[in-house]
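Participant: Got a predicted model here, sequence first, then my questions.
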Amino acid sequence: MTTDTFKPRAKTTEQVVGLIKAVTHDTPQAAVVLGSGVSALNDLTHAHIFPFEELFGIAPTVSGHAGSLTIGRLPENQDVIVAVMRGRFHLYEGHDWNVVTLATRSFIEWGVKELFLTNAAGGVNSSFNVGDLMVITGFRDLLSEVWQKEGLQLLKKAPQDCQNDMSNRIISAGDELHRENKEFRALQKGVYAAFTGPSYETLAEIEMVRRLKCDAVGMSTVPELLTVANSGTAAAAISVITNVWSDDQPMGGHEEVLEASKAASRRLDQLFRHLLAKKHKI
Ligand code: HPA
């Protein structure tokens, strides 16, 4: 027996899309990935639900992630078909990039045109508040070999820009919702830095990402953003700010993140319904 026997086997994108198409011929106009503790679009109708293990061959291991893909329609607008990933795979779970990007590559293969990514993130920008939603306008990849090779040379480079038509639409939709109802907080915009984790950052790392001109830190999303580049799928990402770093205090931990994600999820849900039903003007 080889040790290989014990390795979970990720499916190929062809297998994933084949499993989906065996159950539904609906191709969603958009896919949404929900990060730690983030909940939205819970009431889709005509829903098909695939547990991750069945669909991708790999089970999720992080609490706060349901680990399923739901394909369904918005109850208030039955023409809108959407695929919702509750949870994702991370490098800190021990998965390689192949597994971490499998869902995104499957969406590309399936022909989904728009991918909305979300994550829980720590605020590094001191003007942020817990529960804010931040549209990611740029990112720093501190996950991959680029970072290990370049190290502080990165200080000389600007963050990677990821503004596009989708991120602009999110910003317009957020402006509209805020104008209509002040309880919908104005969206923040900023640069997201992804670390491998799984432990939260040290204060020295937070100081470093401040110098790298980042506004938020997390452990995901960058692999997905890198994967869609030059594909037929466009992507935009939103961070739920679950904690704000101060200069002298380490953060609380995963439970604190899950609590704050719940509170912000109501606004995120509103934002997605507005966007998917194309209610915004621009
Ligand atoms: N750092 C990294 N990941 C996170 C954080 C954080 O402060 N908050 C939520 N996810």
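Facilitator: Received, thanks. Numbers count the residues shown, from 1 in each chain.

Participant: Just give the number of residues close to E259.
Facilitator: The local packing of E259 (other CB atoms under 10 Å) involves 14 other residues. The C-beta positions use only the backbone N, C-alpha and C, and glycine is treated the same way.

Participant: Secondary structure of it: a strand, I assume?
Facilitator: No: E259 is assigned helix when assessed by DSSP: H, G, I helix; E, B strand; the rest coil, not a strand.

Participant: pLDDT value on it, please?
Facilitator: We have a pLDDT of 72 for E259.

Participant: what ranges do the helices span in this protein?
Facilitator: Secondary structure of the chain (DSSP state H): helices at 13-21, 52-56, 97-100, 102-110, 145-150, 165-180, 203-211, 222-228, 254-276.

Participant: Now the ones you listed in JSON lines, please, with extra columns for distance to the ligand.
Facilitator: What follows is the helices of the chain, written out as JSON lines (distance: least, CB to the nearest ligand atom, whole Å):
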{"stretch": "helix 13-21", "distance to the ligand": "27"}
{"stretch": "helix 52-56", "distance to the ligand": "20"}
{"stretch": "helix 97-100", "distance to the ligand": "15"}
{"stretch": "helix 102-110", "distance to the ligand": "19"}
{"stretch": "helix 145-150", "distance to the ligand": "15"}
{"stretch": "helix 165-180", "distance to the ligand": "20"}
{"stretch": "helix 203-211", "distance to the ligand": "8"}
{"stretch": "helix 222-228", "distance to the ligand": "12"}
{"stretch": "helix 254-276", "distance to the ligand": "4"}
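
Participant: quick one: which of those is nearest V244?
Facilitator: helix 254-276 (9.8 Å; CB to CB).

Participant: Look up the closest residue to W245, ignoring the ones flanking it.
Facilitator: I206 (4.9 Å; CB to CB, 6 or more residues apart in numbering).

Participant: For the protein, which residue gets nearest to the ligand?
Facilitator: Proximity of the chain to the ligand (CB to the nearest ligand atom) peaks at G122, 2.0 Å away.
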